[in-house]
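[1] Generate coordinates for the sequence data below:
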Amino acid sequence: MIKLTTNVNIISAQGVTKKFGKFTAVNHISFDVKKGELFAFLGPNGAGKSTTIKMLTTLLKPSSGSLILNDFDVVKNQDSVRKSFGIVFQDPSLDNELTGYENMELHAVFYGLSRREIRPRIESLLELVELWNHRDRPVKYYSGGMKRRLEVARALLHHPHVLFLDEPTLGLDAQTRSLFWNYIKQMNHDESMTVFFTTHYIEEAEAVAERIAMIDHGKIVALGSSKELMDHTSTTSLEEAYLTITGHTVRDEQVSASEVWKERRRARNMR
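    Residues are numbered from 1 along each chain as shown. Got it, this is the predicted structure:
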């Protein structure tokens, strides 16, 4: 396997398109994410945010274009790419019948952590997200915020270079959202970990991200820091800049569940 030349970017997307039948969910997008950066995809429902993350994490194959993550081609070097990232999905992905510790332990074994490092790593992460004292409780008795924090801890077990968060705070109260981002910022600082997250909360993108890519109708329509986006649109808030760039029209989800299912099945058959 050939590893590509290392540079300051840990993610590079060039001309990436994703089609579901006749519908184009992601339309020829290009962007880079720097190592250690807090990077946000901000956009309305159906804009292409989750589809982009699914391509970057090997769940969907691009229709065209190239994706590089941690110097590996996302399509050609899937195993190496998967070892390079952790992910917190939009939908819950924990085993509710297992305890918090058992969920962590199962994931640690899956990622090949040695017996010697499993317990200390789990303990340190559960302490970080304030769940160590709840480690022996079945997850089905956790609150929504506790489950989200456990998913973050689990995603960090194997020291990923990139952490993907797909609408991670959807449905969480303000206090839990604040705690959540405190954990993420700490890990970003302590381990120089790149964080790539999608959101439609404008204030969240403004408070957390160093750079923001605004995506609408499958295209990146603006990219920069909050200040750069406001300066570009001659506005005084990120919300004003966002509405100036994307408009005021309510968006509908345009990809049917059956189309997504068919695409995932095709992807599995190709592996």
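
[2] a helix runs through Thr236, doesn't it?
    No - counting by DSSP: H, G, I helix; E, B strand; the rest coil, Thr236 is not part of a helix but coil.

[3] Which stretches in the stretch 101-250 of the chain count as helices?
    115-128, 144-155, 174-191, 202-208, 226-233, 238-246 (DSSP state H, counting those that start in this stretch).

[4] So for the second one, what gets flagged as buried?
    Looking back up the chat, that one is helix 144-155. Gly145, Met146, Lys147, Arg148, Arg149, Leu150, Glu151, Val152, Ala153, Arg154, Ala155 (16 or more other C-beta atoms under 10 Å). In this view, the C-beta of every residue, glycine as well, is placed from N, C-alpha and C.

[5] Do you know the pLDDT at the second one?
    Yep, that's Met146 we're talking about. pLDDT recorded at Met146 is 93.

[6] hang on, it packs against Leu131?
    Yes - if you go by C-beta atoms under 8 Å, Met146 and Leu131 touch, sitting 6.4 Å apart.

[7] Out of the buried residues of helix 144-155, which is nearest to Asn45?
    Here the nearest of these to Asn45, counting by C-beta to C-beta, is Arg148; it sits at 20.1 Å.

[8] I'd guessed that closest one sits against Val88; true?
    Yes - here Arg148 reaches Val88: they are 7.4 Å apart, a contact under C-beta under 8 Å.

[9] Now do the shared contacts for those two.
    Listed contacts common to Arg148 and Val88 are Pro168; contacts here mean C-beta atoms under 8 Å, 6 or more residues apart in numbering.

[10] Show residues contacting stretch 110-119.
    Residues outside stretch 110-119 that contact it (C-beta under 8 Å, 6+ apart) are Lys83, Glu105, Ala108, Val109, Arg121, Leu157, His158.

[11] please redo it, this time with the cut-off set to 6 Å
    Under the contact criterion C-beta atoms under 6 Å, 6 or more residues apart in numbering, stretch 110-119 has outside partners Ala108, His158.

[12] got a list of what the residue of the chain most remote from its centre touches?
    When each C-alpha in the chain is compared with the mean C-alpha position (C-alpha atoms, centre = their mean), Ser234 comes out farthest, at 29.9 Å. Ser234 makes contact with no residue, according to C-beta under 6 Å, 6+ apart.
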